[in-house]
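J.: Compute the structure for the input listed below.
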Amino acid sequence: MFSLHFAHKKEKVVAVLDIGSGSVGYCLAHVAHNALPKILASERLVLPFEERTAEQSQSAVLALLGQACEKAVSVYAQTGALPISAVYAILRAPWVRSEFASAQIAYERDQKITDETIGELARQALNNERTLNHQNLFEAGVVSVSLNGYATKKFIGKTAHIVSVTALVSECEREFRGQVIELLQKTFPANKPNVYSATHALVFALQFGRTRSEDCVVIDIESETTNCLVVRDGVIVANFLAQEGTR
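T.: The predicted model follows:
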């Protein structure tokens, strides 16, 4: 299953860099067990519109990421009591493409569902995905499981004769991802960067957040794109990306 590994019994400070198509934001948060995270500092740096051509945008966003990292370190140096113990980068379109892939198996009679059952279906789902460049894949994980046609959150140990798995798969150009990681390692040398897609972050928020309804549509609007998730019975069933944003 997907996670962002925030849960921990000890209190700690995490740095999150949100890398969009025309902006980079940073957030410093104090995280403690069984408590809401406390935002210590945050800011979003926006790329001038004239610098957003296809030829300039990648290098310009990387430069903006460097500035955001420096600002985060500078701000925290003035107020931070605990060391920064985890660093996360959230990559948005167009730097990342995410798709949902599915696989299903039907048995003659009910079978007990095990970790091996779900793992094998997850591998099949990954093999079924044909729209992404598999050489650039950097994350894949199960986001929903259905037993006999019904979405089920606690499925291990239950029995079913039809099992369906949906996995989130994301790709990012290797060179760009490598440059992001290099910048983060340079700024936060004591921490190994954790890099995720924006869709992964939304999945995590839906799984662990306090939503009022288990049926909803999530619309995440960025500068140049809009990412949408459809949730039914608390399970993400669809995702699509529109090539239009706030600009």
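
J.: Residue 34: neighbour count?
T.: 6 (other C-beta atoms under 10 Å). In short, each C-beta sits where N, CA and C put it, glycine included.

J.: mind checking the backbone torsions on it?
T.: Backbone geometry at residue 34, expressed as degrees, to the nearest 10, gives phi 60, psi 30.

J.: roughly how far apart are it and residue 113?
T.: Distance from residue 34 to residue 113, counting by C-beta to C-beta, to the nearest Å: 30 Å.

J.: ditto for residue 182
T.: 42 Å.

J.: Tell me which of these two has more neighbours.
T.: residue 113 (19 against 12).

J.: Could you tell me which ranges of the chain sit under the pLDDT cut-off?
T.: 1-9, 50-56, 80, 208-213 (pLDDT under 70).

J.: Nearest residue to the middle of it?
T.: Nearest to the mean C-alpha position of the chain, by C-alpha atoms, centre = their mean, lies residue 200 at 2.5 Å.

J.: got the contact list for the nearest residue to residue 223 once chain neighbours are set aside?
T.: Nearest non-adjacent residue to residue 223, counting by C-beta to C-beta, 6 or more residues apart in numbering: residue 22, 3.7 Å away. The neighbourhood of residue 22, defined by C-beta atoms under 8 Å, 6 or more residues apart in numbering, consists of 46, 47, 49, 52, 57, 61, 222, 223, 224, 247.

J.: Neighbours of residue 151, how many?
T.: 19.

J.: And for the one 10 residues further on?
T.: The local packing of residue 161 (other C-beta under 10 Å) involves 13 other residues.

J.: Residue 21 now?
T.: 18.

J.: Tell me where the longest helix sits in this structure.
T.: helix 57-79 (DSSP state H).

J.: which residue ranges form the helices in this structure?
T.: According to DSSP H, the helices that the chain contains are 57-79, 115-128, 174-187, 198-208.

J.: most tightly surrounded among those?
T.: A comparison of these by mean neighbour count, using mean count of other C-beta atoms under 10 Å, puts helix 198-208 on top with a mean of 20.

J.: Give me the contacts around that helix.
T.: So helix 198-208 is contacted by 2-4, 18, 90-93, 96, 98, 139, 141, 143, 168, 170, 218, 220, 222, 227, 229, 231, 234, 236, 239 (C-beta under 8 Å, 6+ apart).

J.: Work out the gap between that helix and the centre of the chain.
T.: Centroid separation for helix 198-208 versus its chain: 6 Å, with C-alpha atoms, centre = their mean, to the nearest Å.

J.: what does stretch 29-37 give?
T.: On C-alpha atoms, centre = their mean, the centre of stretch 29-37 falls 19 Å from that of its chain.

J.: tell me how far the ends of it are from each other?
T.: 6 Å (C-alpha to C-alpha, to the nearest Å).

J.: Could you report the separation of the nearest residue to residue 65 once chain neighbours are set aside from residue 78?
T.: Using C-beta to C-beta, 6+ apart and skipping the chain neighbours, the partner closest in space to residue 65 is residue 24 (4.9 Å). From residue 24 across to residue 78, the span is 21 Å (C-beta to C-beta).

J.: Before I go, just wanted to say thanks for your time.
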